[in-house]
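S.K.: coords below, sequence missing:
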């Protein structure tokens, strides 16, 4: 806590001296997986650790921004000096994100579940002795990135999405950019052999309407600093 | 590590002096949830933290046993001096459990998924634009407790299962005792309002062919010591 307080004081001083590019800006970041309940004890999850999203929140804070972090269930501590809202499901995350607008920049790094279970069991679902499993009907979740991208009045000036794919990376990222009205998509290949999901390093491509940039492998903190530096520059254009 | 080594030396001395009831015995314990893959990034999980199972492993070790712990994905560290095998799915857990027999006592505390996804996607499943979600066909998992309970040659002398329920606790536990050929079922109500799943305390009932014992709320370490003490006494009968 002393370290956190000292770091806040030092940052305030840097902000006063106009040395931080995102001073006075509000940056909204989502991070981690969502959990979609099946019944009181079971849920659908994904392997996102939240490391990249949380690193982005820290990088934006260090660049002088006021940061709001909306995080799914992760094993990471809430970052110091950052307003962190913890949620479970995609529906909860959408509500939290909406309540945090307006923002100058939004970076949607969370791995939001595409589907949830249509009717959550009020009690633990039991085997019924027939050997037949229950039908697990799914319905599509609200699309958080698209909702923010198409927001009539509160779309952030710069909106960055993530695309974690195991194939057709660039095609999927380009299509996401258009459909969701994002400015950039940070695309990464999360096939298990890459070790990216849950790991400390990331290899990303920045997909924008100007083209595709391949970035070298970096640790997630460095990827975060590069994205934030680029975002700050873009906001000035 | 120094503490772990010292504790092992002290325990060896207590074993030599015949002060530990499970000296010379092998105790097999399962703990935690299982994760059942949907595709490379998504899976079905449950809220088991592994705290009760890991506490049982420590209690059995402290009672002098050689302990094998088969654990699903948990945030807990592997306990000192205990042979721990980490697994993901119910199928993996069953293989690990079989490979660890024979055991004098088996305590199956893991929350094993009843169902897995019938055909795991080799690639991340994508929305296909139709708005229709994918069908998530489930199949029943192998029943680890029943497999061990009905093992022709290697059924442990004392076999203890767990029943985590949100309703019909005792009926479900009694039926489990019979179907799975267990000696005891430790039954607990894991409705969200109890805070038991993931929490540090537990309120259990011991269901055996002799009847049902209600135990008071205790922390999970104390529940573990009581179960292990009772198990050691039962083994002597």
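M.R.: Cool, the structure landed. Note that the coordinates shown come from a computational prediction; the quantities given were computed from them, not determined experimentally.

S.K.: can you map out the strands along chain A?
M.R.: All strands of chain A, identified by DSSP state E, fall at A:26-31, A:36-37, A:42-46, A:66-71, A:83-86, A:105-108, A:115-117, A:138-140, A:158-165, A:184-189, A:201-202, A:204-208, A:211-214, A:218-219.

S.K.: Out of these, which gets nearest to chain B?
M.R.: With respect to chain B, and counting by C-beta to the nearest C-beta, the nearest of these is strand A:138-140 at 3.7 Å. Placement of C-beta: from N, CA and C, glycine included.

S.K.: quick check, that closest one touching chain B?
M.R.: Yes: for strand A:138-140 and chain B, the contact criterion (C-beta under 8 Å from any C-beta of the partner chain) is met by A:138-140.

S.K.: how much space between the residue nearest to residue A:81 when sequence neighbours are not counted and chain B?
M.R.: Take residue A:81 and drop its neighbours on the chain: the residue closest to it by C-beta to C-beta, 6 or more residues apart in numbering or on different chains is residue A:8, 5.1 Å away. According to C-beta to the nearest C-beta, to the nearest Å, residue A:8 stands 29 Å off from chain B.

S.K.: Can you read off the pLDDT for residue A:8?
M.R.: At residue A:8, the model reports a pLDDT of 93.

S.K.: Same check on residue A:203?
M.R.: pLDDT recorded at residue A:203 is 95.

S.K.: What of residue A:157?
M.R.: 98.

S.K.: go on, residue A:140?
M.R.: On the pLDDT scale, residue A:140 gets 94.

S.K.: ditto for the one 5 residues further on
M.R.: Residue A:145 is assigned 98 on the pLDDT scale.

S.K.: now residue A:16
M.R.: Taking residue A:16 on its own, its pLDDT is 89.

S.K.: Which other helices and strands does the longest helix along chain A contact?
M.R.: As assigned by DSSP state H, the longest helix anywhere in chain A is helix A:220-236. Counting contacts by 3 or more C-beta pairs under 8 Å, 6 or more residues apart in numbering or on different chains; DSSP states H and E, helix A:220-236 packs against helix A:51-62, strand A:105-108, strand A:158-165, strand A:201-202, strand A:204-208.

S.K.: Return the residues of chain A in contact with chain B.
M.R.: Counting by C-beta under 8 Å from any C-beta, chain A comes close to chain B at A:35, A:38-48, A:75, A:111, A:113-115, A:123-127, A:131, A:133-134, A:136-140, A:164-167, A:172, A:190-192, A:197.

S.K.: same thing but at 6 Å, please
M.R.: Taking C-beta under 6 Å from any C-beta of the partner chain as the criterion, chain A approaches chain B at residues A:40-47, A:75, A:114-115, A:123-124, A:127, A:133, A:136, A:138-140, A:166-167, A:190, A:192.

S.K.: ok so, going back, and among the helices and strands packed on helix A:220-236, the most buried is which?
M.R.: By mean neighbour count, with neighbours taken as mean count of other C-beta atoms under 10 Å in any protein chain shown, strand A:105-108 ranks first of the helices and strands packed on helix A:220-236 at a mean of 28.

S.K.: Just give the strands next to that strand in its sheet, each with its orientation.
M.R.: Sheet pairing of strand A:105-108 (DSSP bridges) gives strand A:26-31 (parallel), strand A:158-165 (parallel).

S.K.: neighbours around the closest residue to residue A:87 other than its chain neighbours, how many?
M.R.: Of all residues not flanking residue A:87 in the chain, residue A:93 sits nearest, at 4.7 Å (C-beta to C-beta, 6+ apart). If you count neighbours by other C-beta atoms under 10 Å in any protein chain shown, residue A:93 ends up with 26.

S.K.: Distance check, residue A:93 against residue A:234.
M.R.: 25 Å (C-beta to C-beta, to the nearest Å).

S.K.: Might one say that residue A:56 is in contact with residue A:107?
M.R.: Yes: assessed by C-beta atoms under 6 Å, residue A:56 is found in contact with residue A:107 at 5.4 Å.

S.K.: List the residues that are in contact with both of the two.
M.R.: Shared contacts of residue A:56 and residue A:107 (C-beta atoms under 6 Å, 6 or more residues apart in numbering or on different chains): residue A:29.
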